[in-house]
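Engineer: I'd like to go over a predicted model; first the sequence, then the structure.
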Amino acid sequence: MRIVTLNLNGIRSAAKKGVVDWLAQSEADVVCLQELKAQVGDLSARMLNPPGYFGYFHYAEKKGYSGVGIWSRRQPDQIVEGLGIADIDAEGRYIEAQFGNLSIVSIYLPSGSSGEHRQAAKFAFMARFLPRLETLAKSGREFILCGDWNIAHREIDLKNWKGNRKNSGFLPEERAWIGDLFDRVAWSMSIADFIPSTKARLTPGGATVVRPGPRTSVGASTTRSPAPASPLGLSLPASTRQRGFPTMHR
């Protein structure tokens, strides 16, 4: 199974740049989307259900803001929109597609970079999302969480980590929170399985690793021949490539 996670920075803008055409050549089984920046009435039929895919979305109430989605070749058994927490769900930050005992989630954590009020909202999200992740970890289901976490965990994850120690996304509290997911709650980050300690390569979307190899399990993408570059700047080389944002799994 190939799973791709993609921050669109606006699905309408991405569509104009050819993301739907790219999707047809991507060989992706599931694509997790973040930052739709649109509501259902803004989406064309090709955005809602690209050829060969079923589309599912959790929109923010605020126009032109946030929102997550999933494109899937196979119709899921069930879709879960939101966390059941009103203020979080109003921002369209969680959607889950269930396939048998496997759940694939597209998640978009808040950014706190615009001011103290948004950093406070981010901390409030984290405080309430952590117990949910603990529950998921004990549920007996298999989970793959894809998305834009807006947190860098380690120094190697940022080019200028020293200059970002007091900035949202690399604050000590944020790094400790995501570290707790790995150490205590025992989630795994797929990108860590592929990055040698000194071989991380930074991209605008986060850390990316290129590693030759055959088609792999979730958390990486593989093509057997050169494939077209994404209009959003994501390429699919003839190698295994971990996408721009950390993918967590159980």
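Structural biologist: Structure received.
Engineer: quick one: residues contacting the residue lying closest to Leu36 once chain neighbours are set aside.
Structural biologist: For Leu36, ignoring the flanking residues on the chain, the nearest one in space by CB to CB, 6 or more residues apart in numbering is Gly67 at 3.2 Å. Any C-beta I mention is one placed from the backbone N, CA and C, and that applies to glycine too. For Gly67, the contacting residues are 11, 34-38, 57-60, 92, 108, by CB atoms under 8 Å, 6 or more residues apart in numbering.
Engineer: how far out from the middle of the chain is the helix or strand hosting Ala176?
Structural biologist: Assigned by DSSP states H and E, Ala176 belongs to helix 172-183. Distance, stretch centre to chain centre, for helix 172-183: 18 Å (CA atoms, centre = their mean, to the nearest Å).
Engineer: buried stuff in it?
Structural biologist: By 16 or more other CB atoms under 10 Å, the buried positions in helix 172-183 come out as 174-175, 177-178, 181.
Engineer: go on, stretch 30-43?
Structural biologist: Residues of stretch 30-43 classed as buried by neighbour count (16+ other CB under 10 Å): 30-39, 43.
Engineer: one more: stretch 111-129?
Structural biologist: Buried-residue list, stretch 111-129, by 16+ other CB under 10 Å: 111-112, 119, 121-123, 125-126, 129.
Engineer: flag the least confident of those residues.
Structural biologist: By pLDDT, Gly112 ranks lowest within those, coming in at 89.
Engineer: quick one: secondary structure of that residue?
Structural biologist: Following DSSP: H, G, I helix; E, B strand; the rest coil, Gly112 is assigned to coil.
Engineer: please verify my assumption that it contacts Gly169.
Structural biologist: Yes. Counting by CB atoms under 8 Å, Gly112 does reach Gly169; the two are 7.4 Å apart.
Engineer: list residues touching both of these two?
Structural biologist: Here Gly112 and Gly169 have Asn150 as joint contacts, going by CB under 8 Å, 6+ apart.
Engineer: max-length helix in this protein?
Structural biologist: Longest helix in the chain, counting residues (DSSP state H): helix 116-137.
Engineer: name the nearest residue to Ala24, sequence neighbours excluded.
Structural biologist: Excluding the flanking residues, the one nearest Ala24 by CB to CB, 6+ apart is Pro51, at 6.2 Å.
Engineer: quick one: pLDDT of that neighbour?
Structural biologist: pLDDT, Pro51: 96.
Engineer: am I right that it sits in a strand?
Structural biologist: No. Pro51: not assigned to a strand; according to three-state DSSP it is coil.
Engineer: below-threshold pLDDT in this protein: ranges please.
Structural biologist: Where the chain drops to pLDDT under 70, the residues are 190-250.
Engineer: residue contacts, the residue nearest the centre of it?
Structural biologist: Central residue of the chain (CA atoms, centre = their mean): Gly147, 1.2 Å from the mean position. Shown in contact with Gly147 (CB under 8 Å, 6+ apart): 5, 32, 34, 68, 105-109, 245.
Engineer: quick check: it is in a helix.
Structural biologist: No. Counting by three-state DSSP, Gly147 falls outside a helix, being strand.
Engineer: and it, bridged to which residues?
Structural biologist: On the basis of DSSP bridges, Gly147 is bridged to Ile107.
Engineer: hmm, back to that, what is the orientation angle of the helix holding Ala176 with helix 116-137?
Structural biologist: 10 degrees (axes from the mean of the first three to the mean of the last three CA atoms, to 10 degrees).
Engineer: tell me where this protein has helices.
Structural biologist: Along the chain, counting by DSSP H, helices occupy 11-16, 19-26, 45-48, 86-89, 116-137, 172-183, 190-194.
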